[in-house]
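**Student:** I'd like to go over a predicted model; first the sequence, then the structure.
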Amino acid sequence: MSAFKEHPELHKQVDYQIAVNGWVQFYRSNGALGNDQNWLDQAGYTTAEFHCHGLSHLFDQFNEYFHFPSYFHHNLNSFNDCLRDIEINGIGLIIVLKNLDNLKKEDSESLLEILIDLARLNFIVGKRVFILAHAVHSDFRLEHIKLNSEKAK
């Protein structure tokens, strides 16, 4: 089962562009992020938006949104385990991480690695999960994560 159906305009779709280059699109601008979010919303994706004010706060938001089981502990291993059990409904799920640059670099990389694994595992079975990562500081770089070219407009 393919996650996309081939048609002449496929390469112009925001979701397809993100999928072709990995599962993460990086943004410096709220405007570019908002434009892509609007396109994805209109295409029927469910959007889960999280604000990065620290890893513990982020875990609280994910826990609240996805209703993690009671055995969820606020650490990356438990987060990874609980994410693997979430249900992806409809056309797919968009995970928006606002101000990713507020987290420690190693926490950002670990978080994105877990989310990319979630996207990859779901893609194999024809479900779509994409990550829209937003950071405002121009010096913010992730060395171990391949990100799509950043959208700055």
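**Tutor:** That came in fine, so what should we check first?

**Student:** residue ranges for the helices of this structure, please.
**Tutor:** 14-20, 30-42, 55-66, 76-83, 105-124 (DSSP state H).

**Student:** Tell me which residues of the first one come out buried.
**Tutor:** To tie it back to what came earlier, the one meant is helix 14-20. 14-15, 18-19 (16 or more other Cβ atoms under 10 Å). For every residue, glycine as well, the C-beta is placed using N, CA and C.

**Student:** and that helix, what does it pack onto?
**Tutor:** strand 24-27, helix 30-42, strand 128-134 (3 or more Cβ pairs under 8 Å, 6 or more residues apart in numbering; DSSP states H and E).

**Student:** again with the second one
**Tutor:** Using 3+ Cβ pairs under 8 Å, 6+ apart, the elements in contact with helix 30-42 are helix 14-20, strand 24-27, strand 46-51, strand 92-98, strand 128-134.

**Student:** Just the angle for it relative to strand 128-134, thanks.
**Tutor:** Orientation check (axes from the mean of the first three to the mean of the last three Cα atoms, to 10 degrees): helix 30-42 against strand 128-134 gives 160 degrees.

**Student:** cool, the last one as well?
**Tutor:** Inter-element angle recorded for helix 105-124 and strand 128-134: 160 degrees (by the same axes, to 10 degrees).

**Student:** one step back: need the buried residues of helix 14-20 in JSON lines (columns: distance to residue 8 and pLDDT).
**Tutor:** Output for these, formatted as JSON lines (distance: Cβ to Cβ, whole Å; pLDDT from 0 to 100):
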{"residue": "14", "distance to residue 8": "16", "pLDDT": "89"}
{"residue": "15", "distance to residue 8": "16", "pLDDT": "84"}
{"residue": "18", "distance to residue 8": "19", "pLDDT": "87"}
{"residue": "19", "distance to residue 8": "17", "pLDDT": "86"}
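
**Student:** quick one, which of the helices and strands packed on helix 30-42 is nearest to residue 121?
**Tutor:** strand 128-134 (8.6 Å; Cβ to Cβ).

**Student:** Can you list the buried residues in the closest one?
**Tutor:** In strand 128-134, counting by 16+ other Cβ under 10 Å, buried: 128-134.

**Student:** what are the pairing partners of that strand, and which direction each?
**Tutor:** Strand 128-134 has these partner strands in its sheet, going by DSSP bridges: strand 24-27 (parallel), strand 92-98 (parallel).
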